[in-house]
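> Generate a structure from the sequence data that follows.
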Amino acid sequence: MPRHPTPRSFDPLPRRPPSEGEPVTVNVRTLPPDVVIPLHRHPWAQLAYPIRGAIRICAAGTAWIVPANRAVWIPPEIDHDVAVLGAVELRTLYITSGSAPLPLNACTVVDISPLMRSLCEAIAEGRGDTRHQLMMQLALEEIRIARPLSLGLPLPRDRRLKALCDALMANPADGRGLADWAEQVGASERTLARLFQSELDTSFGAWRQQLRLAKAVVEISRGLPMAEVASAVGYASQAAFSAMFSRALGVSPSRFGER
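Prediction:
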């Protein structure tokens with residue numbers, strides 16, 4: 001299997017934290033391509049929102065692939081790292097625990113409304129007056145009612161299962177079955193099937209489909225033609241890919257890409 005270069009570490013400083021008087025702050029980031037922000041945590045909640053490109057966040061045993069115009073919610077004091085997928089323009093909203101509009105015990109990916117996009121830019125530019133206070137309150141309400149997206153991908157601990165999952169994350173279109181992977185990672189097919197259930201509470205097929213769905217969302221956000229998206233995630237038929245996508249997210253790939 002080809003070796004992939006080790007991503008460079010990157011620390012996006014400075015960070016402007018929130019406060020009681022300013023419960024929402026927006027940090028504007030232009031991130032270098034293909035870097036990793038190492039494992040860290042914040043005493044405040046965070047909503048990480050790419051306006052261009054995509055990121056992958058790993059936290060609490062799960063990975064979330066977040067394309068442009070979607071966001072991942074990370075509660076306070078949760079260790080997480082961030083992988084930058086290509087060149088990324090990022091907005092990070094820091095929110096005090098007392099003002100948190102989403103649960104403080106779980107990460108999730110949510111849709112970002114056009115109004116929320118405008119609010120992010122306006123909050124980043126303004127500060128201190130009544131208008132700014134009202135925009136922060138409206139942003140919190142937009143986050144509270146944001147539509148959740150099923151883009152989380154549970155991650156394994158077992159080294160054999162991790163080798164399989166890492167290889168598939170590098171190439172979601174790989175169509176090999178569990179028997180082929182068993183030979184490569186040094187475990188029987190039965191053992192791998194058991195590990196998927198015991199560690200990830202899912203099957204090999206369901207985990208791979210969730211990975212392909214997350215990858216497809218990223219490629220759609222980049223503007224790739226649907227036939228190329230289907231091929232990139234291992235579907236020979238665009239119709240079969242569209243059916244899977246629509247069942248999972250309740251909207252067709254073309255409608256999803258209109259945002």
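> where do the helices sit along the protein?
Counting by DSSP state H, one finds helices in the chain at the ranges 114-125, 130-144, 159-170, 178-185, 189-200, 204-221, 226-232, 238-249, 253-256.
> right, so these: which one is the most enclosed?
Among those, helix 204-221 has the highest mean neighbour count (mean count of other Cβ atoms under 10 Å), at a mean of 21. For glycine as for every other residue, the C-beta is placed from the backbone atoms N, C-alpha and C.
> Now do stretch 97-108, average pLDDT.
Throughout stretch 97-108, pLDDT has a mean value of 94.
> Please apply the same query to stretch 72-89.
In this model, stretch 72-89 has a mean pLDDT of 92.
> do stretch 138-149 as well
The model assigns stretch 138-149 a mean pLDDT of 94.
> can you check stretch 182-198 too?
The average pLDDT within stretch 182-198 is 95.
> okay, now the domains of the protein?
By the assignment in automatic domain parsing, the chain contains the domains 18-149, 156-256.
> Arrange those domains in TSV, one row each, with distance to F10 as further columns.
Shown next, in TSV, are the domains of the chain (distance: least, Cβ to Cβ, whole Å):
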stretch	distance to F10
domain 18-149	4
domain 156-256	20
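> related to what we said a few turns ago, what's the closest of the helices of the chain to P23?
Closest approach to P23 among the helices of the chain is made by helix 130-144 (6.1 Å; Cβ to Cβ).
> who are the neighbours of that closest one, in terms of helices and strands?
strand 24-31, strand 80-95, helix 114-125 (3 or more Cβ pairs under 8 Å, 6 or more residues apart in numbering; DSSP states H and E).
> low pLDDT regions in this structure?
Within the chain, the stretches with pLDDT under 70 are 1-7, 257-259.
> repeat that with 50
Within the chain, the segments meeting pLDDT under 50 span 1-4.
> Mind checking the domains of the chain for the one nearest to R8?
Nearest to R8, of the domains of the chain and by Cβ to Cβ, is domain 18-149 at 4.9 Å.
> Compute the first-to-last residue distance for the closest one.
26 Å (Cα to Cα, to the nearest Å).
> Next: stretch 13-20.
So stretch 13-20: terminal residues 22 Å apart, Cα to Cα.
> Need the residues that contact it.
The contact list for stretch 13-20, computed with Cβ atoms under 8 Å, 6 or more residues apart in numbering, reads 24-25, 27, 42-44, 94-96, 98-99.
> related to what we said a few turns ago, turn the helices and strands packed on helix 130-144 into JSON lines, columns for distance to T191.
Formatted as JSON lines, the helices and strands packed on helix 130-144 follow (distance: least, Cβ to Cβ, whole Å):
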{"stretch": "strand 24-31", "distance to T191": "39"}
{"stretch": "strand 80-95", "distance to T191": "28"}
{"stretch": "helix 114-125", "distance to T191": "45"}
